[in-house]
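Colleague: Provided below are the primary sequence and the corresponding predicted coordinates.
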Amino acid sequence: REALTGKMAGVNITTTEGSPDADVKIRVRGGGSITQSNDPLLIVDGFPVESISDIPATDIEDITVLKDASSTAIYGSRGANGVILVTTKSGKAGKVNVSYNAYYSWKKVA
């Protein structure tokens, strides 16, 4: 959540509770409807998904936010609350490159 905050102008990113693994709520246009969902359409590598919480931050190559007319022109009514395009790192043609990245953490609510 902290990595996304400040990277996307006009996008509010909040969590539903204070626990470290809480669900992330993303709002592209702010609040809006009381009865309908205000969640943006999430597209990961060209496929619509329900959540990006299960994608490690180290696997994300690029995040693009479409707002207003650009999102509705491409995705129709599904993009009315904005569209977030996530591109993950994937295999590329060419010379093989192997890297190792270690990370250790634990989650505990104070």
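Modeller: Good, I have the coordinates. This one's a predicted model, so the numbers in the text were calculated from it and none came from an experiment.
Colleague: is it true that T58 touches N101?
Modeller: Yes. Checked against Cβ atoms under 8 Å, the pair T58 and N101 is within contact range at 6.4 Å. The way it works is simple: take the backbone N, C-alpha and C, and place the C-beta from them, glycine included.
Colleague: Give me the more crowded residue out of the two.
Modeller: T58 (11 against 5; other Cβ atoms under 10 Å).
Colleague: what's that one in contact with, if anything?
Modeller: 101, 103 (Cβ atoms under 8 Å, 6 or more residues apart in numbering).
Colleague: re earlier: give the intersection of the neighbour lists for T58 and N101.
Modeller: Counting by Cβ under 8 Å, 6+ apart, nothing touches both T58 and N101.
Colleague: and the gap between the residue of the chain most remote from its centre and Y104?
Modeller: Note on the chain: the largest C-alpha distance from the chain mean falls to K95, namely 30.1 Å (Cα atoms, centre = their mean). Separation of K95 from Y104 (Cβ to Cβ, to the nearest Å): 30 Å.
Colleague: G82: neighbour count?
Modeller: 25.
Colleague: Quick check, it in contact with S70.
Modeller: No. Assessed by Cβ under 8 Å, G82 is found out of contact with S70, at 9.5 Å.
Colleague: got the contact list for the spatially most central residue of the chain?
Modeller: The geometric centre of the chain, computed from its C-alpha atoms, lies nearest to I52 (Cα atoms, centre = their mean), at 5.2 Å. Contact analysis of I52 by Cβ under 8 Å, 6+ apart lists 24, 42, 44, 84, 86.
Colleague: make it 7 Å
Modeller: 42, 44, 86 (Cβ atoms under 7 Å, 6 or more residues apart in numbering).
Colleague: try D23
Modeller: Contact analysis of D23 by Cβ under 7 Å, 6+ apart lists 15-16, 53.
Colleague: Please tabulate these in JSON lines, including the columns secondary structure.
Modeller: Output for those, formatted as JSON lines (DSSP: H, G, I helix; E, B strand; the rest coil):
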{"residue": "T15", "secondary structure": "strand"}
{"residue": "T16", "secondary structure": "coil"}
{"residue": "S53", "secondary structure": "coil"}
